[in-house]
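Asker: coordinates only, sequence not included:
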């Protein structure tokens, strides 16, 4: 059978290991849509492009393999860019297929024409425009190779209509040797850190990238046990394996003053797949760098290196391969009762996290300082927003649930944040995903109230305050969820929150819990 | 009083005539937020950036003056780009203020850093990064001058935090002579068209830009009356004044074959603020250009010229200044009864359009071929999507209603389209806007079913069809509207639709009507 370009593209994606496509198609993508009938490709419809790109991010976080997205021309890509930004900052690989007019049509400047390459470049590490249906397999395999490296990359492939519908000929792809294993850190850096750890001076290792889980995390736990080195993460991490039985990681606080205090006594910072801690935003009269001036930063393992191998080498150099790692004991949190406070909310969550649960956290103010209370809960994965663009939570939860159909995903999200990409709920209902969305309904961009003060912008006037409060009208989350087929309940005390999370754990498919904060 | 940069910026915007800001702020914009307390600036909060940019487009369409938007860093801009694309294609002026980290912070590559200029350039005609609080007034006045020209332009100003919070000094702005009036078409082109119109050969004048209303439309009506020249618009227009008492304009059909038939007998196409008609998309085996090969195109008035003056010159050259223009007589459409069909829906709308109503049309399939039935309704304005990026309707309606608080806006929109920027409803409720949103709920991207066939992509398989149907679950539009504070009703026959549009006309504030198509 002779394939057309679109069929060759889908067949190549599948062959290279990309077997899911989060799609929001348009007219120029009809041949690609037809090609999606390939039985090895799963297609998931999203009603807004930011849901598609965020879901691809969530898929990568759990699978360490890229998903594909299908977006409609420049504006479709534009709608997906914010969550592409977040995915890029999380080092999630992703293959975006962007439809384009056929070459012969572009010269007439049709209404939907835009500079797709120009839009793609700022947030993609690799961009290519397909020249012909004959080269499409090569281009698609190259995109997957780029996206699948370590760290993962954003690969964007622009697909003109004529390249879709013309005959593809025999597919030719690059030799798979293009996928190189990540490099190993050099011995000089290892040796320098050995000296630091043996010095007895206060040291903290900051883990990022893929070092917050799996064998790298275990190796870090050994090093901490043997040397007393503290282990920490940035405030946001792409995925942490945590809870009882895992090596615990401290969290550098978000607020500048708290973070400075946290780091004040540290003489040596050792970075693993991350950089030294910096402030999220710039503020008048606050520093960007959070460490003390006399703290020394040692870059042990760079973002593109293999931290499992690197930390293993360090453990060997220290002669501690057989030391037992530091392990978090279980903490049995009693089910809370009474008023909803940041603490009682954290307790309710902690007591209700199921074994192997996946927590997607976009709770900003409500959850920000309280996640430490879940440290001793049942073992689970925690996912954060690495890029800071709001509206990442419900789409990432969608992708994570598709990646791990046997695990419960709990997405904790502020009401303001949830509104950016609320169309996620529809896809969750359509696909019957095991997601519990917990909405913290405080009817304000509460984080901005704090930031207004941090900025030294004085007391907000009436107009400024009106841009921070999102009451008038109050969003009815039960109606919102119900409109898209997701059953929902409202809770007004901590006991009910705990009970409802447990009930949702046991109920297949999506649910939403509105946590009414006042 | 010494102003900081943000205060200087807002004061300059107001002084230059930009007195509304559609805002979705973040931490880096806190000083701008504080400055919005300027009593001459109206601030409107949007829960998603695509609502803000679409509302600015709607404001411009009705006021012919730019609004401003406030967006949070690169991802906030990205979320607004699709409706910036649509606004640009409609030649709507807009001043986007994009927050940015302070210069000193950027070098640390914080999580929200991105190439804002790179993201802005493809869809802005003018981009500038503020260098210092001292030059901010000059930059802001330059942005407004760019946005306010004819045609309107997208001006994007990037505002670093430090430029916001530092002292602005004495504001200095460019001399207002920077705003030049649009040029006038040259006499050679006028004279050539006079010869065409006197030849007696079949001619059609296609009006775009600002020529579809006001004195340009009246002049075109005179020319049609005196010469028999047909008057038409592209399938989409930025704003048409139409209905009883206005000069009627034919509409070039959307589908390629129909458009070719429509233009088949035309010997001369005369373009005014637009170009010759082209197909919206490219299809295998269908042409891009819609006219016959032997049709001659005369570019009478270019997009940056003044069509009111130009068509007046043409009328003078024809010696017909005092000829009465062609005028559309009123057509009293009886209120329809019975089943909801494209025709009965058009009749219900036609019979219910209030005097001076504003119709924002994003109805795609349901409304596409039936808007001609509203030609003889009460005089009204009709607004279309010029850029083809879905999700323009409810935001543009929001901006149009703010621009014209004494007029009823009726936004007719497909269910698939409405979901992209559904957060508009919340702003409509918050501001108490006189908008009736009519949702055509057919539970599918019906346009894509037609386009699938047009593309010759064969019969959709199960997977492809699943990407076109948006049932499973069906969206409950009453719950959706209610969740954001907009009262809603559902109608299942044409009589009820007519009655409900009339009821909403008489009810202040927003309403939603779900038109249940099956």
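Answerer: Sure thing, it's come through. Here the structure is a predicted model, which means the values were calculated and not measured.

Asker: what helices and strands are in contact with the helix or strand hosting residue A:139?
Answerer: Using DSSP states H and E, residue A:139 falls within helix A:136-148. Packing contacts for helix A:136-148, counted by 3 or more Cβ pairs under 8 Å, 6 or more residues apart in numbering or on different chains; DSSP states H and E, involve helix A:5-15, strand A:94-100, strand A:126-129, strand A:154-160. In short, each C-beta sits where N, CA and C put it, glycine included.

Asker: quick one: check the third one for contact with chain B.
Answerer: No. Judged by Cβ under 8 Å from any Cβ of the partner chain, strand A:126-129 and chain B are separated, with a smallest distance of 11.9 Å.

Asker: what does that strand rub up against?
Answerer: In this structure, residues lying in contact with strand A:126-129 by Cβ atoms under 8 Å, 6 or more residues apart in numbering or on different chains are A:100, A:116-117, A:120-121, A:139, A:142-143, A:146-147, A:153-158, A:160.

Asker: mind checking how far that strand is from the chain centre?
Answerer: 23 Å (Cα atoms, centre = their mean, to the nearest Å).

Asker: direction included, what does that strand pair up with?
Answerer: strand A:154-160 (parallel) (DSSP bridges).

Asker: now do the buried residues in the partner strand.
Answerer: Across strand A:154-160, burial judged by 16 or more other Cβ atoms under 10 Å in any protein chain shown covers A:154, A:155, A:156, A:157, A:158, A:159, A:160.

Asker: widest-spaced pair of those residues?
Answerer: A:154 and A:160 (20.3 Å; Cβ to Cβ).

Asker: and residue A:474, what does it touch?
Answerer: Here residue A:474 is in contact with A:441, A:443, B:485 (criterion: Cβ under 8 Å, 6+ apart).

Asker: if you rank the residues you listed by neighbours, which is first?
Answerer: residue A:441 (22 neighbours; other Cβ atoms under 10 Å in any protein chain shown).

Asker: how close does that residue sit to chain B?
Answerer: Here the criterion is Cβ to the nearest Cβ, to the nearest Å. By it, residue A:441 lies 12 Å from chain B.

Asker: same question, residue A:19
Answerer: 13 Å.

Asker: re earlier: how about the contacts of residue A:474 in JSON lines, adding secondary structure and pLDDT?
Answerer: Output for the contacts of residue A:474, formatted as JSON lines (DSSP: H, G, I helix; E, B strand; the rest coil; pLDDT from 0 to 100):
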{"residue": "A:441", "secondary structure": "strand", "pLDDT": "93"}
{"residue": "A:443", "secondary structure": "coil", "pLDDT": "87"}
{"residue": "B:485", "secondary structure": "coil", "pLDDT": "98"}
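
Asker: tell me the one of these nearest residue A:57?
Answerer: For the contacts of residue A:474, the nearest to residue A:57 is residue A:441 (25.0 Å; Cβ to Cβ).

Asker: pretty sure the closest one is touching residue A:513, no?
Answerer: No. Between residue A:441 and residue A:513 there is no contact under Cβ atoms under 8 Å: 10.0 Å.

Asker: for residue A:368, give me the pLDDT.
Answerer: pLDDT recorded at residue A:368 is 68.

Asker: mind checking the SS state of residue A:438?
Answerer: Secondary structure, DSSP: H, G, I helix; E, B strand; the rest coil: residue A:438 is strand.

Asker: residues in contact with it?
Answerer: Neighbours of residue A:438 in contact, by Cβ under 8 Å, 6+ apart: A:349, A:410, A:411, A:412, A:413, A:497, A:501, A:512, A:513, A:515.

Asker: next one: residue A:491
Answerer: A:340, A:497, A:500, A:513, A:514, A:515, A:516.

Asker: which of the contacts of residue A:474 lies closest to residue B:181?
Answerer: Of the contacts of residue A:474, the one sitting nearest to residue B:181 (Cβ to Cβ) turns out to be residue B:485, at 44.0 Å.

Asker: dump the residue contacts of the closest one.
Answerer: Here residue B:485 is in contact with A:473, A:474, A:476, B:425, B:426, B:429, B:430 (Cβ under 8 Å, 6+ apart).

Asker: any of the residues you listed buried? List them.
Answerer: Buried among the contacts of residue B:485 by 16+ other Cβ under 10 Å: A:473, A:476, B:425, B:426, B:429, B:430.

Asker: can you give me the distance of the fourth one to residue A:79?
Answerer: Pointing back at residue B:426 there. When distance is defined by Cβ to Cβ, to the nearest Å, residue B:426 is 19 Å away from residue A:79.

Asker: not counting sequence-adjacent ones, nearest residue to the one residue in the stretch 151-300 of chain A that gets nearest to chain B?
Answerer: Nearest to chain B, among the residues of the stretch 151-300 of chain A, is residue A:282, at 3.3 Å (Cβ to the nearest Cβ). Leaving aside its chain neighbours, residue A:282 sits nearest to residue B:105 (3.3 Å; criterion: Cβ to Cβ, 6 or more residues apart in numbering or on different chains).

Asker: chain center to the strand or helix carrying that neighbour: distance?
Answerer: Following DSSP H and E, one finds residue B:105 within helix B:103-106. Chain-centre distance of helix B:103-106: 37 Å, with Cα atoms, centre = their mean.

Asker: could I get the average pLDDT for it?
Answerer: pLDDT averaged over helix B:103-106 gives 92.

Asker: give the next helix or strand downstream of it.
Answerer: Moving toward the C-terminus from helix B:103-106, the next helix or strand (DSSP H and E) is helix B:116-120.

Asker: next one: that next one to chain centre, how far?
Answerer: Worked out by Cα atoms, centre = their mean, helix B:116-120 lies 23 Å from the chain centre.

Asker: buried ones in that helix?
Answerer: Those would be B:116, B:117, B:119, B:120, for helix B:116-120 by 16+ other Cβ under 10 Å.

Asker: likewise stretch A:476-495?
Answerer: For stretch A:476-495, the neighbour count (16+ other Cβ under 10 Å) marks A:476-486, A:488-491, A:493-494 as buried.

Asker: now stretch A:398-411
Answerer: Residues A:398, A:399, A:400, A:401, A:402, A:403, A:404, A:407, A:408, A:409, A:410, A:411 are the ones in stretch A:398-411 that count as buried (16+ other Cβ under 10 Å).

Asker: and the closest residue to chain B within the stretch 101-250 of chain A, how far is that from residue B:254?
Answerer: Nearest to chain B, among the residues of the stretch 101-250 of chain A, is residue A:105, at 3.3 Å (Cβ to the nearest Cβ). Between residue A:105 and residue B:254 the computed distance is 15 Å (Cβ to Cβ).

Asker: more neighbours: these two, which one.
Answerer: For the pair residue A:105 and residue B:254, the greater number of neighbours falls to residue A:105 (24 against 18), based on other Cβ under 10 Å.

Asker: if I read this right, the more buried one contacts residue B:284, doesn't it?
Answerer: No. Using Cβ under 8 Å as the test, residue A:105 is too far from residue B:284 to be in contact (11.1 Å).

Asker: between those two, which contacts overlap?
Answerer: Listed as contacting both residue A:105 and residue B:284 by Cβ under 8 Å, 6+ apart are residue A:161.

Asker: and for residue A:191, nearest residue in space, chain neighbours not counted?
Answerer: Nearest one to residue A:191, counting by Cβ to Cβ, 6+ apart, is residue A:317 at 6.8 Å.
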